[in-house]
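Enquirer: Whatever this is, show me its structure:
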Amino acid sequence: MGGVEAKNPPGGWRWLSFWIKSMQAVLLAVAVCLSLGAGSPASGMNYLDHHLMCMCGCSQLLGECDHVGCPDRGQEMADLSADIGANMTDQQIYNAFVAKYGATVLAAPPAHGFDLVAWIAPFAVFAAALLGTILLIRRWSGFSVGAAAASEVTDPAKLNPAERERLERIRRETGAEGGI
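Expert: Have a look, this model is predicted:
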């Protein structure tokens, strides 16, 4: 049988090599562009001021506090700028702010120790409320095994005469229509 031989197009490997090298160059350019300014104090300031709260009571992030005449934002931004200028790490800056302003200065509670409860509790409360709502709706709708069994017992054809008489007397005394 005359088999068909797979032929490489002229310059096929060179073409593939060209594309691979081109993609590597593009990825390198993207990495360089994304890393520009990553180590500058301005980028550190922008990152950190969005992880700290303004302590004036406006409930806004420090970098977002926009009300006129804020008494605390200027001092906090000056502290943050000084800490960044002193080459403190992010964790050291957080610790310094917590020591000065209290734990409420953090935009999000730490995810360790007892503070982990602040992350877990909302989900646990939501799950408990959802379960309670489902159980309550099932109870209100009468959707249970006990309700199905009770409906079989109240079927007039399956009741003895004394029970039928008792249900009829209850219907007459309460004025319920439909009877048994």
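Enquirer: Spatially central residue for this protein, please.
Expert: residue 123 (8.7 Å; C-alpha atoms, centre = their mean).
Enquirer: pLDDT on the helix or strand hosting it, on average?
Expert: Counting by DSSP states H and E, the element that carries residue 123 is helix 117-141. Helix 117-141 comes out with an average pLDDT of 90.
Enquirer: Report the distance from that helix to the chain centre.
Expert: 16 Å (C-alpha atoms, centre = their mean, to the nearest Å).
Enquirer: Then stretch 93-107?
Expert: On C-alpha atoms, centre = their mean, the centre of stretch 93-107 falls 23 Å from the chain's centre.
Enquirer: Show residues contacting it.
Expert: 48, 50-53, 55, 61, 76, 79-80, 83-84, 88, 109 (C-beta atoms under 8 Å, 6 or more residues apart in numbering). In this view, the C-beta of every residue, glycine as well, is placed from N, C-alpha and C.
Enquirer: Now do the domain split for this protein, please.
Expert: Domains of the chain are assigned by automatic domain parsing as 41-108, 116-174.
Enquirer: most tightly surrounded among those?
Expert: Of all the domains of the chain, domain 41-108 has the most neighbours on average by mean count of other C-beta atoms under 10 Å, namely a mean of 15.
Enquirer: returning to what we had before: closest to residue 20 out of the contacts of stretch 93-107?
Expert: residue 50 (38.9 Å; C-beta to C-beta).
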